[in-house]
Every structure is written in C-alpha cells, then in structure tokens.
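S.K.: Sequence and predicted structure are below.
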Amino acid sequence: MSLFELCKMLQESEIGMAIHSSLYFFPFVETIHVLGLSVSVGTILWFDLRAMGLNMRQQPVSRVFAAVRPWMLAGFIAMFLTGAIMFWAHAALCYLNPSFRVKTVGLVLAGFNALYFHFKTQHGMAEWDNAPTPPLGVRLAGLFSVLLWGVIIAAGRMMAYTPVDY
Amino acid sequence: MVYSFFEWAENTPFGLFVRDSRWGFAITEVVHLFGLVLLLGGVLMMSMRLLGWTMTDRPIWELARELRGWITLGLVAMLASGVTLWASEAVRMYDLPWFWFKMATLVLALIFHFTVFRKLADKDEPRPLARLAIACGALLLWFGVGFGGRAIGFL
C-alpha cells in the first residue's frame, strides 16, 4: 500500500468522515490549533530570542528555558493532537498539498534543530549560561528555530489557498 | 453612514488590490498570525508571571520591560494586517455579528491593555488579588478577540 493510499483510507474512514462533516467539532479543533500557537510557538519564541541574545539578556539561558518549558510542551502536545485530528479528516488532500509538504519538512527540521541543540550544543552550557550574547552555535539554533516556525506557520496557513488536484 | 464607510474602504485601490490579488489576502493572514504569536505569546508570559507560575524570582516590572517592545510589535502587526484584511472584504464584514463581537472585544482589550495591564504590571508587586484579576482579564479579553476572529471565518 502506498503512502497516498494509506492517507486516502484514513480520510475515508468512518472517523475521518465524521470529523470532516462535523458542524462544530472541526471549527472547535481548528480554533484550538490557531490560538494554541500562542502557547507553543508563542512561548518557545522567548527562549529563542534569549538564545540569540536579543531579549532577557540579564537572565541565565537555563532559567528562561525552565520558565517556558512546561507551557511549550503543553502547547506543542495540544498542537500535535489538534493537528492530527485535522489531518485525519483530510489526509489524502494534505498528502497532495505542496504547502503541507513544506510544513512537514519544516516540522522535521525544527525537530532536528531542537534535538541537536539538546544533545550537542547544550553540553557546554555552564560556560555561556550567563553570557548576555551566547556563542554563535547557540544563537544559530535560536535563529533556525524562529525561521523554521515562521515557515511552518506560513505553510500551514497557505494550505487553504494552495490548489490541489483530487 | 457606517455602511457607506465600509463600502468606501472596500472600493479604495488598496482594498481592491488585496481582494483581487492572488496571494494578497493569504500573505496578510500569515502576517496576522505572526503578530498573534508575539502579542498573545507575550501576554501569556506576562500573565503566567502575574499569576506566580513562572520566573517568580525576578520582579514583575523587569519582565514587563523586556516583553513590552515585542508585544507592541505584535500589536502593530496585528492591527496593520487586520485593517488590510477588513478593507478587502469590508461589506461582507458589516453583516457578520462575529465581526462586531471581535471589534467590541478588541476595543475593550486595547483599553484594558494600555490602562490597567501596563500600569499595574509596571508596579513592583501588585497585590495577589489584583495580579489574578489583571492576568485573567488580559487572557480572557485577548483570547476572546482571537476566538471572534476564528468565528468570522466559520460562521
């Protein structure tokens, strides 16, 4: 079975159809997805700005991270769940949508960026935790995060405007 | 009179340009979302601090000073892109109850933001009850505006 057939099966499943045709459930889920931006990207942004040395320069990087972490995690879990529900109802359409592919690649790259920062860059943290302007690698991680989330948001919105042959 | 103003806005070269261009509306919506991240994200952080849930070892005014510029940037982006979106379909907006709900909530949120929220958040430590009221007020009003905005698209 190809990936497309799998998506089509999801979309045409009973649950997929039910989500798709629901009068209030789908708008409700999408509202959470959009307003959830402020809890997910809206909080990770403050850490990224600190990592870039653009904001809260007097506070240790680790402290800013500890402050936003619970909200960030809760926000991204909510985004992932609501995103998955919306995908279920439009899986085949999403598969064919170029904007959705851009969004998916952006999400994977943002994930790698976060993992690389966590397992590699963060190791020397004690040396630059208090530095108003952290080293280049840390600043780049923050910059990549901001740029990638910008692309993900833009591609997500563009999905509604990208023509799809289905 | 209000209606003719809405009609005029939609027929300005600017309104027509956004309405008829292939990507004008979509790109403006993206700017609107970027503004949302800055504004709502900033208000959320401030509210968490006011509620005593985060960064409690630093004074409130310090966080307020750090976030102020970013929140203002988000607000400017939201208002500029919001006016643009409105101008491209002002006549349709006139008949939508949720549009007026959003505008009413927005006016309240702006008044609250520039009076209560800024003034009290700047003080060293407002009383716990005042902090609770400011945080809940700001979150309810701004998320109310966001909810109204989403409802415009669906209803």
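M.R.: Done, it's in.
S.K.: C-alpha only now, for contacts and for neighbours.
M.R.: OK.
S.K.: Show me which residues of chain B sit near chain A.
M.R.: With CA under 8 Å from any CA of the partner chain as the criterion, chain B comes near chain A at residues B:26, B:29-30, B:33-34, B:36-38, B:40-42, B:44-45, B:54-55, B:63, B:66, B:143, B:146-147, B:150, B:154.
S.K.: thinking B:Ala121 is in contact with B:Ile60, fair?
M.R.: Yes: if you go by CA atoms under 8 Å, B:Ala121 and B:Ile60 touch, sitting 6.4 Å apart.
S.K.: Could you tell me which residues touch both of these two?
M.R.: B:Leu50 (CA atoms under 8 Å, 6 or more residues apart in numbering or on different chains).
S.K.: Between those two, which has more neighbouring residues?
M.R.: Taking neighbours as other CA atoms under 10 Å in any protein chain shown, B:Ala121 and B:Ile60 compare with B:Ala121 leading, 25 against 21.
S.K.: so where do the helices sit in the chain?
M.R.: In the absence of a named chain, this looks at chain A. Along chain A, counting by DSSP state H, helices occupy A:3-12, A:14-21, A:25-35, A:41-51, A:61-96, A:98-119, A:125-128, A:136-158.
S.K.: Switch to chain B, please.
M.R.: For chain B, the helices defined by DSSP H occupy B:2-10, B:13-20, B:24-50, B:60-88, B:90-94, B:97-112, B:118-122, B:128-154.
S.K.: Most tightly packed of these?
M.R.: Comparing the helices of chain B by mean neighbour count (mean count of other CA atoms under 10 Å in any protein chain shown), helix B:24-50 comes out on top with a mean of 23.
S.K.: Tell me the gap between that helix and the middle of its chain.
M.R.: In terms of CA atoms, centre = their mean, to the nearest Å, the centre of helix B:24-50 is set 8 Å apart from its chain centre.
S.K.: next one: stretch B:10-29
M.R.: In terms of CA atoms, centre = their mean, the centre of stretch B:10-29 is set 21 Å apart from its chain centre.
S.K.: C-alpha coordinates for that stretch, PDB please?
M.R.: The C-alpha coordinates for stretch B:10-29 follow below in PDB (Å, rounded to 0.1, in the frame of the first residue of the first chain):
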ATOM      1  CA  GLU B  10     -13.600  48.000   0.100                       C
ATOM      2  CA  ASN B  11     -13.500  50.200  -3.100                       C
ATOM      3  CA  THR B  12     -10.300  52.000  -2.300                       C
ATOM      4  CA  PRO B  13      -7.400  50.900  -4.600                       C
ATOM      5  CA  PHE B  14      -5.900  49.300  -1.500                       C
ATOM      6  CA  GLY B  15      -9.000  47.200  -0.700                       C
ATOM      7  CA  LEU B  16      -9.400  46.200  -4.300                       C
ATOM      8  CA  PHE B  17      -5.800  45.200  -4.600                       C
ATOM      9  CA  VAL B  18      -5.800  42.900  -1.600                       C
ATOM     10  CA  ARG B  19      -9.200  41.500  -2.700                       C
ATOM     11  CA  ASP B  20      -8.300  40.700  -6.300                       C
ATOM     12  CA  SER B  21      -4.700  39.700  -6.000                       C
ATOM     13  CA  ARG B  22      -3.800  36.000  -6.000                       C
ATOM     14  CA  TRP B  23      -1.800  35.900  -2.700                       C
ATOM     15  CA  GLY B  24      -2.500  39.300  -1.100                       C
ATOM     16  CA  PHE B  25      -5.100  38.100   1.300                       C
ATOM     17  CA  ALA B  26      -3.200  34.900   2.200                       C
ATOM     18  CA  ILE B  27       0.000  36.700   2.900                       C
ATOM     19  CA  THR B  28      -1.700  39.200   5.000                       C
ATOM     20  CA  GLU B  29      -3.300  36.400   7.000                       C
END
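S.K.: quick one: contacts of it?
M.R.: Outside stretch B:10-29, the residues that touch it by CA under 8 Å, 6+ apart are A:157-158, A:161, B:9, B:81, B:84-85, B:87-91.
S.K.: Same list, these, but as CSV with pLDDT and distance to A:Leu81 please.
M.R.: What follows is the contacts of stretch B:10-29, written out as CSV (pLDDT from 0 to 100; distance: CA to CA, whole Å):
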residue, pLDDT, distance to A:Leu81
A:Arg157, 95, 18
A:Met158, 95, 20
A:Tyr161, 92, 23
B:Ala9, 93, 40
B:Ser81, 97, 29
B:Thr84, 95, 32
B:Leu85, 95, 29
B:Ala87, 94, 34
B:Ser88, 93, 33
B:Glu89, 92, 33
B:Ala90, 94, 34
B:Val91, 93, 36
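S.K.: roughly how far apart are A:Trp137 and A:Leu96?
M.R.: In this structure residue A:137 is Gly, not Trp. Distance of A:Gly137 to A:Leu96, given as CA to CA, to the nearest Å: 36 Å.
S.K.: So what's the gap between stretch A:18-29 and the chain middle?
M.R.: Its chain's average C-alpha position is 22 Å from that of stretch A:18-29, according to CA atoms, centre = their mean.
S.K.: Quick check: buried residues in it?
M.R.: By 16 or more other CA atoms under 10 Å in any protein chain shown, the buried positions in stretch A:18-29 come out as A:19-20, A:26-29.
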